[in-house]
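**Q** Here is my input; please provide its structure:
(one chain, ligands or ions: 2)
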Amino acid sequence: MSDYLVQFNNISKFFGKVIALKDVTMKLKKGEIMCLLGDNGAGKSTLIKTLAGVYRPDEGEIIVEGKKTIFDSPKDALDMGIATVYQDLALVSLMSVTRNFFMGREPMKGPPFFKTFDIEKANKIAAERMGQIGIDVRDPSQAVGTMSGGERQCLAISRAIYFGAKVLVLDEPTSALGVHQASVVLKYIVKAASQGLAVILITHNVHHAYPVGNSFTVLNRGKSLGTYEKKDISREKLLSMMAGGEELNKLEVELREMNRSPTN
Ligand SMILES: Nc1ncnc2c1ncn2[C@@H]1O[C@H](COP(=O)(O)OP(=O)(O)OP(=O)(O)O)[C@@H](O)[C@H]1O
Ligand SMILES: [Mg+2]
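**A** Residues are numbered from 1 along each chain as shown. Ligands and ions are numbered 1, 2, ... in the order given. Reported below is the predicted structural model:
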């Protein structure tokens, strides 16, 4: 069997004349956190949507646990243990923590044909799971909209793990969060990986990616600039590889010049 849980081999995806991805190759082991970095429009979301069964790649192959795999729908990917947490999280703000945790997969009780939602069991599981990651849900019937952004992100991740994810794909999980909440979510991601999950963490933020990632893939305008193990790349090098690095340097010089003028 292959060492790798997931392999993308030479994946391309076109939208009409737009080349969203060209010849992208990337692989991921159990227990590994791979960070997928790139500027806006680099192709990050498109790449993970091919893994989530949303898009079919136009070229290349996806190999999961050694087998070439074609996903016809997001359900196919989920059935193979690939769970994607999108930036909008697919949570319903007005529904309770418990309802959001189970979302159509609620535990039931009672005899066949007369089954009803086992609310006590569901509340207990939801509160327990959130408690394990240090989020104290005093009332599992409280609306998800009352939770903080970081807590909601943790709920979506915890739900994916509870329902058997082997590969967890996170699209910008920390982008809307402050430093403290981002660190809560990043710690939880590291914990999930240490239990054997493979994680693809998509982010713009090298400062969030670098401390937690084992390897880093940089996309630039649909092409991969390579995958690097942490020991082979510094934070500074990663920063400069991301498109925009150069522009920010230029901006810094321009601002410095602007600052100089009023005092002169
Ligand atoms: N459904 C679509 N139809 C046409 N073009 C698309 C579609 N989805 C993405 N694209 C284009 O493909 C390119 C890659 O987009 P993608 O959303 O994958 O980038 P991204 O790296 O996730 O960017 P961001 O950081 O802004 O989320 C962009 O040029 C985008 O406009
Ligand atoms: Mg995106």
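
**Q** what's in contact with stretch 142-161?
**A** 83, 85, 89-97, 100-103, 129-130, 132-133, 135, 168, 170, 173-174, 176-177, 180-182, 184-185, 188-189, 192, 197 (Cβ atoms under 8 Å, 6 or more residues apart in numbering). For every residue, glycine as well, the C-beta is placed using N, CA and C.

**Q** Enumerate the residues of the stretch 1-150 of the chain near ligand 1.
**A** Residues of the stretch 1-150 of the chain lying near ligand 1 by Cβ under 6 Å from any ligand atom: 15, 18, 20, 38, 40-46.

**Q** same deal with the stretch 151-264 of the chain?
**A** Residues of the stretch 151-264 of the chain lying near ligand 1 (Cβ under 6 Å from any ligand atom): none found.

**Q** any weak-confidence spans in the stretch 151-264 of the chain?
**A** Within the stretch 151-264 of the chain, the stretches with pLDDT under 70 are 243-248, 260-264.

**Q** all strands for it, in order.
**A** Secondary structure of the stretch 151-264 of the chain (DSSP state E, counting those that start in this stretch): strands at 167-171, 198-203, 215-220, 223-229.

**Q** Could I get those in a markdown table, plus columns for mean neighbour count?
**A** Converted to a markdown table, the strands of the stretch 151-264 of the chain look like this (neighbours: other Cβ atoms under 10 Å):
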| stretch | mean neighbour count |
| --- | --- |
| strand 167-171 | 24 |
| strand 198-203 | 24 |
| strand 215-220 | 22 |
| strand 223-229 | 17 |
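
**Q** Ok, which of those strands comes nearest Met108?
**A** Taking Cβ to Cβ, strand 167-171 is the member of these nearest to Met108, at 26.7 Å.

**Q** Can you list the helices and strands that that closest one packs against?
**A** In terms of contacts (3 or more Cβ pairs under 8 Å, 6 or more residues apart in numbering; DSSP states H and E), strand 167-171 is packed against helix 44-51, strand 82-85, helix 149-162, helix 179-194, strand 198-203.
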